[in-house]
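1. fold the following, please.
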Amino acid sequence: MDLSDSLRFLERPGCHLCDDAWEIVDDLGHGAVERVDIEHDDALLMTYGLRIPVLLKGEEVLAEGRFDQRSLKKQLKRLAR
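-> This next block holds a predicted model:
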């Protein structure tokens, strides 16, 4: 299963938690993860504005807020089955 096809990383400019979380996502090496600035999408801003950063697989939230590398690895492994 190619997880990179539908992984989206929701962020906003100037968010230090987003920067930290992106480093974790990028270090996991799952290829092209779509980075989405929620400031340009009213629906995403309303839904996730206070929860960012958020990593989505389709509509499923894999991680939000402060990312934990170990937990995220477990989530991605579960999805790959």
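
2. what residues does Leu62 make contact with?
-> 7, 55-56, 72, 75-76, 79 (Cβ atoms under 8 Å, 6 or more residues apart in numbering). For every residue, glycine as well, the C-beta is placed using N, CA and C.

3. show me the helices in this structure, by range?
-> Secondary structure of the chain (DSSP state H): helices located at 16-28, 42-48, 69-80.

4. buried stuff in the last one?
-> When you say that, I think you mean helix 69-80. By neighbour count on 16 or more other Cβ atoms under 10 Å, the buried set for helix 69-80 is 72, 75-76.

5. for it, the distance to its chain's centre please.
-> 12 Å (Cα atoms, centre = their mean, to the nearest Å).

6. unless I'm mixing things up, Leu56 is touching Val33, no?
-> No. Leu56 is beyond contact range of Val33, at 9.9 Å (criterion: Cβ atoms under 8 Å).

7. identify the contacts common to the two.
-> Common neighbours of Leu56 and Val33 (criterion: Cβ under 8 Å, 6+ apart): 7-9.

8. among those, which are in strands?
-> Counting by DSSP state E, the shared contacts of Leu56 and Val33 place 7-9 in strands.

9. what is the nearest of the residues you listed to His40?
-> Arg8 (13.2 Å; Cβ to Cβ).

10. okay, which residue is most central for the protein?
-> Leu55 (1.9 Å; Cα atoms, centre = their mean).

11. and the gap between that residue and Asp37?
-> 15 Å (Cβ to Cβ, to the nearest Å).

12. many thanks, I have nothing further to ask.
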